[in-house]
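Engineer: Mind folding the following:
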Amino acid sequence: MIHLPPLPPTVIEPIVRRALDEDFGNSGDLTANLLVPATSKGKLMMRAREDGIVAGMQAAQMTYAMVDPGVKFIIQKDDGAPVKKGEIIAVIDGPTRALLSSERVALNFLGRMSGIATLTAQYVKAVKGCKGQTQAVRIAATRKTTPGLRAIEKQAVLAGGGFTHRESLAAAIMIKDNHIALAGGVDKALKAIAKNADHMTRVSVEVDTLAQLKTVLKYTPDVILLDNMNATELAKAVAIVDGFAGRRPILEGSGGVNLETVRGLAETGIDVISIGALTHSAPNFDIGMDAS
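Structural biologist: So this is what the prediction gives:
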């Protein structure tokens, strides 16, 4: 099981607040307010309706706390915990109106994030035993996240056993094909970076041919991203880097990866496989909310 520290409140609270503002509109929950007495109390159980990995629990718990601090949200399965169909993942006890009004937002967070964590865990399992130059092959997310939800979607990837890649454009230098084209070529781009980049900043360069790889190697970037290469091409890339006399970069494969192809790519000896689908195409994880 993966044990994660919680996200800072300054990061997660605005995300939850926006979701509640969106759902409550200008008048709040008309149905619950008209049908349920203000003094009514109740209890709900959140149950997994399939096997998978739980994530998004912090956002779900905060949802209830922001609607009514009197609600007790008792977590049964922390983020990163495996869960079986039918298992209880949380018990919610308190004012009935708040239980009902918060339900959809809390379930949206849990379903979305648990789906990401579960898909990530499937990729991690698929490459188990494969090694890069110094350690096990890593499965990483990308910046292909839902606008405004990156922090908790990346947290869900961690819960599934993956890694988060760049958190933002400011986290590292990553020179992609359009940067190279607009800079006037790979040599100009890399010379400019070498001259101007802060010494604490890591540099990654994307290549899509083995010829480009050979050119980029002499600049000894920290990471070389091998874009849209098949397993045969990746194996050749690893051999080229193994024969390079200078500092070895981390080799990252990316582009068009799926659960059927990921192990073959991992067996080539690359270090990281980054997969946009972890966050942009993860299916929703089915969670039910039932009165006790």
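Engineer: going forward, measure contacts and count neighbours with C-alpha atoms only.
Structural biologist: Will do.
Engineer: How about the secondary structure of the closest residue to Thr268 other than its chain neighbours?
Structural biologist: Sequence neighbours aside, Ala235 is the residue nearest to Thr268 in space, at 4.9 Å (criterion: C-alpha to C-alpha, 6 or more residues apart in numbering). Assigned by DSSP: H, G, I helix; E, B strand; the rest coil, the conformation of Ala235 is helix.
Engineer: what's the pLDDT at Ala235?
Structural biologist: For Ala235, the pLDDT comes out at 97.
Engineer: thinking it is in contact with Gly264, fair?
Structural biologist: No. Ala235 is not in contact with Gly264 according to C-alpha atoms under 8 Å; the separation is 10.1 Å.
Engineer: on that earlier part again, count residues in the vicinity of the residue nearest to Thr268, would you?
Structural biologist: Applying other C-alpha atoms under 10 Å, we find 17 residues neighbouring Ala235.
Engineer: after the longest helix along the chain, next one along is what?
Structural biologist: Longest helix in the chain, counting residues (DSSP state H): helix 96-126. Sequence order places strand 138-140 as the next helix or strand after helix 96-126, per DSSP states H and E.
Engineer: what helices or strands is that next one leaning on?
Structural biologist: Identification of packing neighbours for strand 138-140 by 3 or more C-alpha pairs under 8 Å, 6 or more residues apart in numbering; DSSP states H and E yields helix 96-126, strand 272-274.
Engineer: List the buried residues in the helix or strand that it is followed by.
Structural biologist: Downstream of strand 138-140, the first helix or strand assigned by DSSP H and E is helix 150-159. Residues 150-159 are the ones in helix 150-159 that count as buried (16 or more other C-alpha atoms under 10 Å).
Engineer: Distance to Thr96 added to those, as a markdown table?
Structural biologist: Below are these laid out as a markdown table (distance: C-alpha to C-alpha, whole Å):
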| residue | distance to Thr96 |
| --- | --- |
| Arg150 | 31 |
| Ala151 | 30 |
| Ile152 | 27 |
| Glu153 | 29 |
| Lys154 | 32 |
| Gln155 | 30 |
| Ala156 | 29 |
| Val157 | 33 |
| Leu158 | 34 |
| Ala159 | 31 |
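Engineer: between the residues you listed, which is closest to Gln58?
Structural biologist: Distance to Gln58, by C-alpha to C-alpha, is smallest for Ile152 among the buried residues of helix 150-159, at 9.1 Å.
Engineer: Hmm, the closest one is touching Ala60, no?
Structural biologist: No. The pair Ile152 / Ala60 is not scored as a contact, 11.3 Å apart, by C-alpha under 8 Å.
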